[in-house]
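Q: coordinates only, no sequence provided:
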């Protein structure tokens, strides 16, 4: 059975919201820490800029989990 991918909407300290995979929460928080430090802090994971909510996010089957 294929497991469906779950996402979460989460914000940064600058008021921007992002949709991220639930499994990527720790990576996202590390990315935010490196972005908000405005300097290299050793983060080498994925970039989440493409996941920023720009007001055009649509989805089906939202659940609180």
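A: Good, I have the coordinates. Quick caveat: nothing in here was measured; it's all calculated off a predicted structure. Numbering: from 1, shown residues only.
Q: if I look at residue 26, how far off is residue 60?
A: Distance, residue 26 to residue 60, by CB to CB, to the nearest Å: 27 Å. Where you see a C-beta, it was placed from the backbone N, CA and C, and this is true even at glycine.
Q: what's the answer for residue 22, then?
A: From residue 22 to residue 60 the distance is 17 Å (CB to CB).
Q: higher neighbour count, these two?
A: Set residue 22 next to residue 60 and count neighbours by other CB atoms under 10 Å: residue 22 wins out with 11 against 4.
Q: contact partners for the more buried one?
A: 6-8 (CB atoms under 8 Å, 6 or more residues apart in numbering).
Q: let me know the pLDDT of it.
A: pLDDT recorded at residue 22 is 92.
Q: and what of residue 12?
A: Residue 12 carries a pLDDT score of 89 in this model.
Q: and for residue 62?
A: For residue 62, pLDDT reads 75.
Q: with residue 43 instead?
A: 79.
Q: please name the nearest non-neighbouring residue to it.
A: residue 34 (3.7 Å; CB to CB, 6 or more residues apart in numbering).
Q: what count of nearby residues applies to the one you found?
A: By other CB under 10 Å, neighbour count at residue 34 equals 16.
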